[in-house]
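Asker: 3D, please:
(2 chains)
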Amino acid sequence: MMAVTSETARVETKRRRFSLGGGATGPFIGLIAMCIFLSLATDTFFSVRNFLNVMDQVTVIGVMAIGMTLVILIGGIDLSVGSVLALSAMVMGFLGNTIGLPFGVAILAALLAAALCGTVSGLMITQLNMPPFIATLAMMSIARGIASIITDGEQIVGFPDWFSNLAIIRYGGFLSATVATMIVLAFAFWVFLRFRPAGRALYAIGGSPEVARLAGIRVKAVTVRVYMVSGLLAGLAGVILSARLDSAQPSSGLGYELDTIAAVVIGGASLAGGVGGIAGTAVGVLIIGFLRNGLNLLHVSPFVQQVVIGVVIALAVAADTLRSRRRH
Amino acid sequence: MTVSSPSPDRDVVLQLRGIGKTYEPVTVLRNLDLDVRRGEVLALLGENGAGKSTASSIIAGLVRPTVGTMTWQGAPYAPASPADALSAGIGLIHQEMRLLPDLSIAENVFVGRLPVAGGRVDRAQMERRAAQQLHRLGLDVSPSMLVRELRVAAQQQVEIAKALTLKARLLIFDEPTAALGGDETDRLFEQIASLKAEGVSFIYISHRLDEIALIADRVAVLRDGELVATHETAQVPVKRLVEDMVGRPLDRMFPAIQSIEGGATRIEVEGLTGVDGAFSDVSFAVRAGEVFGIAGIVGAGRTELVRAIAGADPVVSGTVKVDGVPVHPGDPRAALDQGIVLVPEDRKAQGVLLDHTIADNIALGNYPRVAPSGWVRPAAVERFAEAAIKRFGIKGRGGQLARQLSGGNQQKVVIAKSISRQPRVVILDEPTRGIDVGARAAIYDVIAELAREGLAVIVVSSDLDEVLGLSHRIMVLNRGRNRGILGHEAAGRIEVMELATT
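Answerer: This is a model prediction of the structure:
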C-alpha cells in the first residue's frame, strides 16, 4: 500500500511541476479548444492582426488582473479597481491638461493617487478589521466620487501625441508600448510569485493567515502592500485606457472589477485564497478577450455575449470544483 | 475473535457485514463485521488511519461503503446522507463541533427542522423542547443563549441535545473528550450512562485509552482498515489495547532522559503576565538540553502562556530572554528571529497549510535558508524538504498535499518546518493530540533528539504521563499561576495533580 501511495505521489509531483500552477491546466485546454473552434468558424479569427487587436483590447483588464491575482491569492477581493482606474485617469487628465503640469508628472501623480487608494483599502482591512469586500466596496464609491468631483463629471479630451501613440504605434509592427508593458508586468509578477520568498508568502497567507503569521510573515504589512499594488496597477490601467481612448472620463472602468475578478477566477484561482497564479490569470484574461472577440466576429449581440461569458465563468469554476472534489 | 456468522443475538441493533471502502487505489476499510447491541457502549479503537473515522462515517451516512451491507434494528440500512441516518435514529457527534455560533442553542438544536405553527417558527415550542433535552443532560443554561457564548464542553452537549431531539438510538462519539477537562469528562460519562439505561447505544472513538475501562462495555480494535480484535469486556489492560492497535508488543514509550550537566540557561521567563488574566507573574528558566514540561488542567493558561512566549499573543508585563537577550513581546517574527519556535496546539488552524504540498509547508518561513540568493528554485525547495522528510521520518513525499497525511505525519511536518530554522528554544503545545499511539513514540524520539542537540525544549501536554515521561522538570500551572516546579525524580501523577487542582 505504501508503494502505491508513493507512486501516486511521484506522479503528482511530476504533474505539479509541469502544470501552469494554480489549477490552470483545465482553463488552458479550454482556451486552446476555443481558439481552434473560432479559427474554423470564422475566416478572420486566425490572423496576426486579429491576435494583436485582442491583445490591445485585453491590456486594461490584463494589467488590473495581475493586481487582482495577488489580492485573491491572499484570500481578499478588490472591488475598487474600476473606480480607481477612473480616478487615476481623471487625476492625470486634470493635472496634465487642465493645470498644465508636465505630462510625465501628471502620470506619476495619477499612479500615486491610485496606490494611495489601495493603501487606504489595505489599512481599512488590517487596522479596522473590515472585511475586504466592504472596505473595497467603500473605496469603490469614494474613488468614483472623487473622479467625478475633479471635473464635475466632465470628460477630458486630447492628450499629447507621444502619449496616445503609446497605445497606437506597434513597434516592429508588433507590440504597442502598452501591450509590452502588460507582458513585462505579467512576466515580472509570474517570477515574483513563483520564485521570490515574498511571493510564496502570499500563498501562505491565503492558505491560512495564522499559520503564516506564526511562521514569521508580517501578514498585515504584506496585506496593505498587496492592496497598494492592486491600486497602483488599476491606476496604470487607467493611464493605459486614457492613452487608447485619447480621453479620460469619470465613468470609465465601470464594472471592470467584475471582469477582472472573472478573469482571475476563470484562471483557476480560488476565492478562498492560497490557490492561483499569473499563468492561470493570463489564460483567464485571454479566454475573456478571445471569447468577446470571437463572438463579435460571429456577429453575436452584446447581450447574448454577456450570457455566454456568465456561462463560461460558471463552467470554469464548476469544472475546477469537480476536479478538486474527485481529488479529496 | 470476530463473529462473522449472523448473530442470533436479539439485542443487536446495528449490524455491519463485509463493509469495505476503497478510495482508488487505497483501501481504507476492508471486510468489516461489527455488531452494536442495545444500550451498550462499544469502544472503537485504532491508530489514525486505521479506519475508525471511515467506519463511523459510513454508519452515519457521510460516506457510502464500496462493498458490504448493514442492518439497523433488523431492517436493511443503507443511508445515502446524514439526514437518512438521523431520521433512522443514528447521530454522529464530531470531534470538531459543527454548530452555528451566532444562533441560539434552541435554533442549533432544531436547525433544518424548526417547529412551525401557523406558518411561523414556533419559538416557544422550540425553546421548550430544547430546554427539556438540556435538562435531561443536566445542563443549566437558557436555550435562547447564543452558542458562541458557551464553553466547548457545553457546546458539545448542545450537539448531544440535538441528536437526542431526533430520538437518536445510536450515538457515535468521535474523540468527545479531546477538548474537555476532567470534570467535564466525568459529566459526559454520567450522561452516557444514563442514556445507556434508556436503551441508547454508543460507538465511542477515543485515543485516551484509560477512559475505555471507565466507559465502554466492549472494545473493537481496527488496524490498517481491518478489525483485528474484539474484547467482550472493557476490562482489558491498556498495554494489551496498545499492542492490538500497533500490532507489536510495546517495549518502551519514552526515550531515556539525558543528563543536562553544564547546560547554560537558554531561555528565561520573568514575571510574565498575559491579557485577561489568562496567566500572571509566571517565572522560570530552561537550560540548553533540557526538556521542560508544563502541566495543568484545561483552562490553566498553558497554551496562552506559551503562545505569549512565542510572541503569538501580546503580554501585559514581564520579560522573556533568550541567551540573555530580551525578546520584543507580541511579535512572532521577533521571537523567531531570536530562535524561539512554537509548534502550536491546533495543527490544522495554526500549523500546516492543508492544501499546500509538504515541501511548501516545510519551506515556509525557511526561505532565507532554502533560497539564500533570494530566488526560490523548486528543486532547492524539494531538496530542502527531502532532507527534513528523511530526518524526521515523515511518511510522505514532498509533492504530496499536507491534507493527505495522517495527523502524526502532519505534526512531523510542523516540527520539521519549525526545527529547520535551527532554533534555540522550541515549544511544543500538545505535540501528540489526536495522534495515534504508534506515531507518538516517534515524536517523543524527536523531542529527546532536539534536547540532545542543545536546544531548550518546552512541552505542554494534557497527557500527564507524557509530561512526566519526557521532562527533566515540570512546572504546574493552576489558574494562570506557577504552583511549583518539580524535578523528574520528585514528580509523580499525584504530586502534579495535587498542585494542578488545588
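
Asker: start to end distance for stretch B:227-241?
Answerer: Stretch B:227-241 has an end-to-end distance of 13 Å (criterion: CA to CA, to the nearest Å).

Asker: does that stretch reach chain A?
Answerer: No. No part of stretch B:227-241 sits near chain A under the criterion CB under 8 Å from any CB of the partner chain; the closest distance found is 15.9 Å. In this view, the C-beta of every residue, glycine as well, is placed from N, C-alpha and C.

Asker: what's the mean pLDDT across that stretch?
Answerer: Mean pLDDT, stretch B:227-241: 86.

Asker: what helix or strand does B:Val341 sit in?
Answerer: Assigned by DSSP states H and E, B:Val341 belongs to strand B:340-343.

Asker: name the strands paired with that strand and say parallel or antiparallel.
Answerer: Partner strands and pairing direction for strand B:340-343 (DSSP bridges) are strand B:425-429 (parallel).

Asker: how about residues contacting the strand it pairs with?
Answerer: B:266-267, B:286, B:302-303, B:306-307, B:309-310, B:322, B:339-345, B:415, B:418-419, B:447, B:450, B:455-460 (CB atoms under 8 Å, 6 or more residues apart in numbering or on different chains).

Asker: are any of those buried, and which?
Answerer: B:266-267, B:286, B:302-303, B:306-307, B:309-310, B:322, B:339-345, B:415, B:418-419, B:447, B:450, B:455-460 (16 or more other CB atoms under 10 Å in any protein chain shown).

Asker: and for the strand holding B:Val341, what are the contacting residues?
Answerer: The contact list for strand B:340-343 (CB under 8 Å, 6+ apart) reads A:214, B:267, B:306-307, B:309-312, B:320, B:322, B:327, B:332, B:335, B:351, B:411, B:414-415, B:418-419, B:421, B:423-429, B:431.

Asker: which residue ranges form the helices in chain A?
Answerer: Secondary structure of chain A (DSSP state H): helices located at A:2-18, A:25-41, A:48-73, A:81-93, A:103-127, A:132-150, A:161-168, A:177-195, A:197-207, A:209-214, A:219-245, A:256-266, A:278-297, A:302-327.

Asker: could you dump these to JSON lines with distance to chain B?
Answerer: Formatted as JSON lines, these follow (distance: least, CB to the nearest CB, whole Å):
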{"stretch": "helix A:2-18", "distance to chain B": "3"}
{"stretch": "helix A:25-41", "distance to chain B": "16"}
{"stretch": "helix A:48-73", "distance to chain B": "12"}
{"stretch": "helix A:81-93", "distance to chain B": "26"}
{"stretch": "helix A:103-127", "distance to chain B": "15"}
{"stretch": "helix A:132-150", "distance to chain B": "18"}
{"stretch": "helix A:161-168", "distance to chain B": "32"}
{"stretch": "helix A:177-195", "distance to chain B": "5"}
{"stretch": "helix A:197-207", "distance to chain B": "4"}
{"stretch": "helix A:209-214", "distance to chain B": "5"}
{"stretch": "helix A:219-245", "distance to chain B": "10"}
{"stretch": "helix A:256-266", "distance to chain B": "17"}
{"stretch": "helix A:278-297", "distance to chain B": "14"}
{"stretch": "helix A:302-327", "distance to chain B": "8"}
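
Asker: output those as TSV; include the columns mean neighbour count and mean pLDDT.
Answerer: Output for the helices of chain A, formatted as TSV (neighbours: other CB atoms under 10 Å in any protein chain shown; pLDDT from 0 to 100):
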stretch	mean neighbour count	mean pLDDT
helix A:2-18	13	42
helix A:25-41	16	88
helix A:48-73	24	95
helix A:81-93	31	97
helix A:103-127	21	97
helix A:132-150	20	97
helix A:161-168	16	91
helix A:177-195	18	94
helix A:197-207	23	90
helix A:209-214	22	87
helix A:219-245	25	97
helix A:256-266	25	94
helix A:278-297	24	93
helix A:302-327	13	80
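
Asker: let's have the ones you listed in CSV, adding distance to B:Val282.
Answerer: Putting the helices of chain A into CSV (distance: least, CB to CB, whole Å) gives the following:
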stretch, distance to B:Val282
helix A:2-18, 44
helix A:25-41, 53
helix A:48-73, 39
helix A:81-93, 49
helix A:103-127, 31
helix A:132-150, 38
helix A:161-168, 64
helix A:177-195, 42
helix A:197-207, 31
helix A:209-214, 21
helix A:219-245, 27
helix A:256-266, 47
helix A:278-297, 48
helix A:302-327, 45
